[in-house]
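Chemist: One predicted model, sequence on top.
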Amino acid sequence: MWISIVSIAIAVAALAVSLSQTWIANKALRLGKIQDARRKARLDVSLKESVAWVPVDESCKYMCALLLVVNPAESETTLIRAELHITYSPAPNQMLVIKIPHEERLIGAPDEIVPVAIQSPLRANGALEGWFVFRLIDDLIGSHSIKDYNVVLYDSRGIMQSVHIWIIKEIAL
């Protein structure tokens with residue numbers, strides 16, 4: 001009788017040790033996956049605000065996006081290019097994309113909008129917040145129907161990341 005009770009107690013203890021080892025192994029696996037994700041080079045881009053305005057005595061429109069760019073990887077990088085991709089329809093069943101480069105100079109901009117300098121370094125696990133500015137010449141698209149606005153960022157590691165601009169606040173100067 002005592003041998004049966006001791007055998008059951010040993011079996012329960014072995015089961016408890018086995019379950020705790022399984023829990024520890026799963027926790028180590030999750031931690032390993034998180035560390036692997038941090039080693040993988042990538043950019044995370046999020047839109048904080050977007051504005052547009054027409055400068056006085058200019059035949060253009062400025063579109064600006066306040067972006068938060070995060071480098072969650074363990075390697076440093078540099079932003080090397082930023083573009084605004086405008087998708088529009090010049091005719092039924094046709095779509096075109098125009099790529100407009102980031103402008104580091106502004107004419108007649110609100111004081112709070114200071115463009116980000118391209119070639120800005122992004123430290124490992126660092127972030128950068130700033131305005132990306134694009135100058136749209138009036139005759140570029142004409143009266144065609146615009147379907148989509150995306151800001152596309154490129155870094156020195158060859159990574160390209162985009163963010164969709166969906167609400168654009170028109171401001172008057």
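Modeler: Received, thanks. No experiment lies behind these values; they were computed from the predicted model shown.
Chemist: So which helix or strand of this protein has the lowest pLDDT on average?
Modeler: helix 2-39 (a mean of 79; mean pLDDT, DSSP states H and E).
Chemist: can you pull out the strands in this protein?
Modeler: Taking DSSP state E as the test, the strands found in the chain are 44-53, 60-71, 77-89, 96-101, 121-122, 126-137, 145-155, 160-164, 169-170.
Chemist: Quickly list the domain ranges of this structure.
Modeler: 1-39, 44-170 (automatic domain parsing).
Chemist: got a list of what the residue most central in space within the chain touches?
Modeler: With distances taken as Cα atoms, centre = their mean, residue 45 lies nearest the centre of the chain, 1.4 Å away. The contact partners of residue 45, by Cβ atoms under 8 Å, 6 or more residues apart in numbering, come to 67-70, 151, 153, 161-163. In short, each C-beta sits where N, CA and C put it, glycine included.
Chemist: can you put those residues in a markdown table and add neighbour count, distance to residue 123 and pLDDT?
Modeler: Formatted as a markdown table, these follow (neighbours: other Cβ atoms under 10 Å; distance: Cβ to Cβ, whole Å; pLDDT from 0 to 100):
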| residue | neighbour count | distance to residue 123 | pLDDT |
| --- | --- | --- | --- |
| 67 | 23 | 17 | 97 |
| 68 | 14 | 15 | 97 |
| 69 | 24 | 12 | 96 |
| 70 | 18 | 11 | 95 |
| 151 | 24 | 21 | 97 |
| 153 | 23 | 16 | 97 |
| 161 | 15 | 17 | 96 |
| 162 | 13 | 22 | 95 |
| 163 | 21 | 21 | 96 |
